[in-house]
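Asks: Here you go, sequence then predicted model.
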Amino acid sequence: MPATTNKQRLLNGVFTNLKKRYDPGQRQAQPILEEFVYAICRDGTTRDHADRAFRNLREQFFDWNEVRVSSIREVQEAFGELPDAEERAQRIISFLQEVFETTFSFDLEPLHKKGVKQAAKQLARYQAANDFAVSWVTQQTLGGHAVPVDPPTLRVLRRLGLADHEQEDGEALRASLEHLIPKAKAPLFNELISALADDLCAEDAPQCAACPLAGECLTGQEAGMVTSAARSSRPKSR
């Protein structure tokens with residue numbers, strides 16, 4: 001695992017190099033309930049895919065109550081080709097049902113009065129919650145400092161050397177990232193890493209040669225050495 005100074009250098013490279021390739025732009029903050037639903041759509045996928053799925057939910061259903069009383073299959077169909085669509089649909093319906101049963105509404109805005117930590121704790125009690133969703137809402141809507149980590153983000157961080165391959169404690173990794181990444185840059189960090197994971201750093205056959213972080217990335221450096229070794233082992237033409 002790189003020392004803190006090396007981690008900081010790697011993170012500086014993420015912002016400097018990836019921002020030249022990807023320009024995600026800023027998102028407009030949404031109410032807490034909407035942002036939580038969006039987080040379920042966003043977990044493990046790109047902003048474009050999540051935006052499309054969330055937009056379909058808003059356009060194909062009259063309101064959140066109609067989503068709540070719909071079948072999993074009906075909600076799932078709104079997600080199109082979003083991965084794990086059935087599981088996401090089930091979580092969203094479960095979340096809306098639990099909110100309705102406890103508040104008799106679909107308004108979670110009173111959570112703002114509780115402060116960031118207490119609001120996050122209350123969100124974490126919902127059965128549909130996971131660390132990514134709570135962290136996402138904390139970052140995007142509650143005004144707290146959080147760096148959500150989903151599987152594609154974790155994959156890129158491991159390849160960069162910013163996370164151990166054996167590290168499974170997402171909360172500990174998130175705390176480490178939050179120590180290194182300023183609050184104001186956290187949303188951009190998530191968007192840049194997500195874009196890289198989708199564009200070049202795929203789970204299978206990552207395109208290291210085209211990656212702007214290849215020179216700083218442990219995996220990219222290893223791939224470069226393998227390529228160089230393969231070239232040097234080729235018989236020279238006579």
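Replies: Arrived safely.
Asks: Contacts only, for the residue nearest in space to the middle of the chain.
Replies: For the chain, residue 150 is the residue whose C-alpha lies nearest the centre (C-alpha atoms, centre = their mean; 4.7 Å). The contact partners of residue 150, taken as C-beta atoms under 8 Å, 6 or more residues apart in numbering, are 42, 43, 44, 132, 194. Just so you know, the C-beta spots here come from the backbone N, C-alpha and C atoms, and that holds for glycine as well.
Asks: Among those residues, which lie within helices?
Replies: Using DSSP state H, the members of the contacts of residue 150 that fall in helices are 42, 132, 194.
Asks: Look up the closest residue to residue 82, ignoring the ones flanking it.
Replies: Nearest non-adjacent residue to residue 82, counting by C-beta to C-beta, 6 or more residues apart in numbering: residue 53, 4.9 Å away.
Asks: Remind me which helix or strand the one you found belongs to.
Replies: Secondary structure from DSSP states H and E places residue 53 in helix 47-60.
Asks: returning to what we had before: export the ones in helices among the contacts of residue 150 to a markdown table and tack on distance to residue 209 and neighbour count?
Replies: Shown next, in a markdown table, are these (distance: C-beta to C-beta, whole Å; neighbours: other C-beta atoms under 10 Å):
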| residue | distance to residue 209 | neighbour count |
| --- | --- | --- |
| 42 | 29 | 26 |
| 132 | 30 | 21 |
| 194 | 21 | 24 |
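Asks: Could I get those residues in CSV, plus columns for pLDDT?
Replies: Conversion of the ones in helices among the contacts of residue 150 to CSV gives the following (pLDDT from 0 to 100):
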residue, pLDDT
42, 97
132, 96
194, 96
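Asks: my guess is residue 177 meets residue 148, correct?
Replies: No - applying C-beta atoms under 8 Å as the test, residue 177 and residue 148 come out as separate, 9.7 Å apart.
Asks: which one of these two has more residues nearby?
Replies: residue 148 (27 against 22; other C-beta atoms under 10 Å).
Asks: Just the pLDDT for that one.
Replies: pLDDT, residue 148: 96.
Asks: Contacts only, for the spatially closest residue to it that is not a sequence neighbour.
Replies: Excluding its sequence neighbours, the residue lying closest to residue 148 (C-beta to C-beta, 6+ apart) is residue 135, at 3.9 Å. For residue 135, the contact set (C-beta under 8 Å, 6+ apart) comprises 146, 147, 148, 149, 174.
Asks: how far out from the middle of the chain is the helix or strand containing the last one?
Replies: Read that as residue 174. Assigned by DSSP H and E, residue 174 belongs to helix 170-180. Averaging C-alpha positions (C-alpha atoms, centre = their mean, to the nearest Å) puts helix 170-180 14 Å from its chain's average.
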